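> Structure for the following, please:
(4 chains)
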2 protein chains.
Amino acid sequence: MSATAQPGPQWRRVLGDLTGWLDAGEVRPGERLPSEAELAERFGVHRLTVRQALGELARTGAIRTVHGRGSYVAEPPYRFRVVPDAPSIVAQMREQGRSVTQRLVAHSVVPSTAAPDATGLPDGDLLQLDTVMCVDGAPWSRATTWLAHDRFAGIPAVWTDNTSLTGLLQAAYGLRMRRAWRRYAAEPAGPADADALDVALGVPLLVLVGANCDQDGEVTLVAARRTRGDRIEYVVEL
Amino acid sequence: MSATAQPGPQWRRVLGDLTGWLDAGEVRPGERLPSEAELAERFGVHRLTVRQALGELARTGAIRTVHGRGSYVAEPPYRFRVVPDAPSIVAQMREQGRSVTQRLVAHSVVPSTAAPDATGLPDGDLLQLDTVMCVDGAPWSRATTWLAHDRFAGIPAVWTDNTSLTGLLQAAYGLRMRRAWRRYAAEPAGPADADALDVALGVPLLVLVGANCDQDGEVTLVAARRTRGDRIEYVVEL
DNA sequence: TAGTGGTCTAGACCACCGG
DNA sequence: CGGTGGTCTAGACCACTAT
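Residues are numbered from 1 along each chain as shown, chains lettered A, B, ... in the order given. Below you'll find the predicted structure:
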């Protein structure tokens, strides 16, 4: 009945009731919620009031709203536990039986100032690769990678959706890398993220910026990866 | 003039124009934006349309809206770079000249099932500490910590706002710990986070769950720390 | 008390999706 | 086509802040 007589704003009550539905499993993951109009009628409020509550649910990832179809209960935010030691992320996921593809959406030559500062990359032009990774068919993360252009200019020509950059560098360049440093941060999805990762504006992304170096200790690769917060967890064993 | 004739919705144009103001420094950090009513008039749209744009700015942390006063341009999202190796976070920040306080907001005895799974803590009741850390007077992170209750029951009695848990454990219990494992994730702020950290619902938090073990390799402390995403960056040197 | 943001309603039109 | 969510307006009232 949801006759919850709360003191706060009405959309809070609606939000509370809807959250209750989800927690109680009255609407299961994958199922559609009643339409906004019907919810408005059922709760005795205006549709905009319902939308306020639905917006909060969407921002926290509890539901997923699709224009023209409805709002669907999201799958529980399962997370891959990615272990930064061990092989590359792609190899790791494939070992877990996931289908992983990485599409090269853009590549360009940029001055070395374009990479995040304090990277340790050598001076000179850089090759910048913009990729989108999909796991089991769903957008998972975006990455921007910088490499010395003179050395790696041939990469875009041989890229395929099944490329693992780590594997490619080892196979084609004989390059075995190890991790130099990592930075972890949480940022809201911007317009480009929302578009590429199929999420709402502002949802949390886990941002990992890192550098790898070659056998001689020279930094040869810098990458910034923005991953859906509900889809990842980095585990570091010490 | 902002006669930007864009194709998308109007609130996008408003958002774009406001973002332009901020980027160009036409409104500086700490200054107040015009009132919603005035913005509505100036952009020739309804106040709700302006609010849609302001809401996005607030969620990305670009502005900060205060009931009854107005919307203020946020300080640039400066981030502490916290190095997980090296001393405790508190000690590290104080070395950087920050004033750090940690208020104990609650403590209780809970069954061992209350801690995040796979922690490695011994069975038996746990002491759970809920704390809020402020840096330079502003809320910065919330933490929940679990310890064996029988061994550490006296901690709440001696807690002060200047306590560093690491320091306390070493001083009062002769305990020197080292890191066992860490998990990094990004999650949206829930109601409790929003309240304690003074942020909007749903803004990104960087969540760090970790365990420390004593000299014998026994896990003695598990902690989950939820920090404002615009205020932190974890750096790991490898 | 005046000005600000927060909430809510009523009603409209558009854009998208599916059959 | 009908149903859905996305946007927008008009107007009202409430809650909070400052003076």
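
> Now do the domain split for chain A, please.
A:10-73, A:80-234 (automatic domain parsing).

> Switch these over to TSV, and while doing so, append mean neighbour count, mean pLDDT and distance to residue B:66 to every line.
For glycine as for every other residue, the C-beta is placed from the backbone atoms N, C-alpha and C. Listed next are the domains of chain A as TSV, based on neighbours: other C-beta atoms under 10 Å in any protein chain shown; pLDDT from 0 to 100; distance: least, C-beta to C-beta, whole Å:
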stretch	mean neighbour count	mean pLDDT	distance to residue B:66
domain A:10-73	16	95	19
domain A:80-234	17	89	20
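
> Distance to chain B for the ones you listed - can I get that in JSON lines?
Shown next, in JSON lines, are the domains of chain A (distance: least, C-beta to the nearest C-beta, whole Å):
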{"stretch": "domain A:10-73", "distance to chain B": "4"}
{"stretch": "domain A:80-234", "distance to chain B": "3"}
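
> Quick one: closest of those domains to DNA strand D.
domain A:10-73 (3.3 Å; C-beta to the nearest atom of the strand).

> end to end, how far does that closest one reach?
22 Å (C-alpha to C-alpha, to the nearest Å).

> For the residue lying closest to residue A:105 once chain neighbours are set aside, what is the enclosing helix or strand?
Among residues not flanking residue A:105 along the chain, residue A:130 sits closest, at 5.1 Å (C-beta to C-beta, 6 or more residues apart in numbering or on different chains). According to DSSP states H and E, residue A:130 maps onto strand A:126-135.

> Against which helices or strands is that strand packed?
Under the contact criterion of 3 or more C-beta pairs under 8 Å, 6 or more residues apart in numbering or on different chains; DSSP states H and E, strand A:126-135 touches strand A:100-110, strand A:138-148, helix A:149-152, helix A:155-158.

> quick one: strands adjacent to the second one?
Which is strand A:138-148. Strand pairing for strand A:138-148, using DSSP bridges, gives strand A:126-135 (antiparallel), strand A:219-228 (antiparallel).

> Next, format the helices and strands packed on strand A:126-135 as TSV and append distance to DNA strand C.
Below are the helices and strands packed on strand A:126-135 laid out as TSV (distance: least, C-beta to the nearest atom of the strand, whole Å):
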stretch	distance to DNA strand C
strand A:100-110	20
strand A:138-148	16
helix A:149-152	38
helix A:155-158	31
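
> wait, which of the ones you listed is closest to residue B:232?
Residue B:232 lies closest to strand A:138-148 among the helices and strands packed on strand A:126-135, at 20.4 Å (C-beta to C-beta).

> what's the angle between that closest one and strand A:100-110?
40 degrees (axes from the mean of the first three to the mean of the last three C-alpha atoms, to 10 degrees).

> hey, C-alpha coordinates of strand A:138-148 in PDB?
Output in PDB follows, covering the C-alpha atoms of strand A:138-148 (Å, rounded to 0.1, in the frame of the first residue of the first chain):
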ATOM      1  CA  ALA A 138      28.100  -4.500 -23.200                       C
ATOM      2  CA  PRO A 139      30.200  -1.300 -23.000                       C
ATOM      3  CA  TRP A 140      32.600  -1.500 -20.100                       C
ATOM      4  CA  SER A 141      35.300   1.000 -20.300                       C
ATOM      5  CA  ARG A 142      37.000   3.700 -22.400                       C
ATOM      6  CA  ALA A 143      40.700   4.100 -22.600                       C
ATOM      7  CA  THR A 144      43.100   6.600 -24.000                       C
ATOM      8  CA  THR A 145      46.600   5.300 -24.500                       C
ATOM      9  CA  TRP A 146      49.800   7.200 -25.400                       C
ATOM     10  CA  LEU A 147      52.900   5.700 -27.000                       C
ATOM     11  CA  ALA A 148      55.900   7.200 -28.700                       C
END
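
> from the middle of its chain, how far away would that strand be?
10 Å (C-alpha atoms, centre = their mean, to the nearest Å).

> right, and the residue nearest to residue A:105 touches residue A:107 too?
Yes. Here residue A:130 reaches residue A:107: they are 6.9 Å apart, a contact under C-beta atoms under 8 Å.

> circling back: arrange the strands paired with strand A:138-148 in a markdown table, one row each, with distance to DNA strand C as further columns.
A markdown table is the format used below for the strands paired with strand A:138-148 (distance: least, C-beta to the nearest atom of the strand, whole Å):
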| stretch | distance to DNA strand C |
| --- | --- |
| strand A:126-135 | 19 |
| strand A:219-228 | 20 |
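
> for the ones you listed, which one sits closest to residue A:195?
Using C-beta to C-beta, the nearest of those to residue A:195 is strand A:126-135, at 10.0 Å.

> quick one: the strands in chain A?
A:63-66, A:70-73, A:80-82, A:100-110, A:126-135, A:138-148, A:178-188, A:204-213, A:219-228, A:232-237 (DSSP state E).

> re the thing from before, could you dump the strands paired with strand A:138-148 into CSV with distance to residue A:154 added?
Below are these laid out as CSV (distance: least, C-beta to C-beta, whole Å):
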stretch, distance to residue A:154
strand A:126-135, 10
strand A:219-228, 15
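
> Indicate which one of the ones you listed is closest to residue A:49.
Here strand A:219-228 is closest among the strands paired with strand A:138-148 (C-beta to C-beta), at 28.8 Å.

> how far does that closest one sit from the chain's center?
13 Å.

> Repeat that for stretch A:44-61.
24 Å.

> ok, and what's touching it?
A:10-12, A:14-15, A:18-19, A:22, A:33, A:36-37, A:39-40, A:43, A:63-65, A:71, A:74, A:77, A:200, A:202-203, A:229-230, B:59, B:188, B:190, B:201-202 (C-beta atoms under 8 Å, 6 or more residues apart in numbering or on different chains).

> Need the domains of chain A in TSV (columns: distance to residue B:237).
Shown next, in TSV, are these (distance: least, C-beta to C-beta, whole Å):
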stretch	distance to residue B:237
domain A:10-73	32
domain A:80-234	5
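
> Out of these, which gets nearest to residue B:220?
Per C-beta to C-beta, nearest to residue B:220 of the domains of chain A: domain A:80-234, 23.0 Å.

> what's the span of the closest one, first residue to last?
First-to-last residue span, domain A:80-234, C-alpha to C-alpha: 8 Å.

> mind checking how far it is from the chain centre?
12 Å.

> thinking again about what came up before, now for the strands of chain A, which one comes closest to residue B:140?
strand A:178-188 (13.6 Å).

> Which secondary structure elements does that closest one sit against?
By 3+ C-beta pairs under 8 Å, 6+ apart, strand A:178-188 packs against strand A:204-213, strand B:178-188, strand B:204-213, strand B:232-237.
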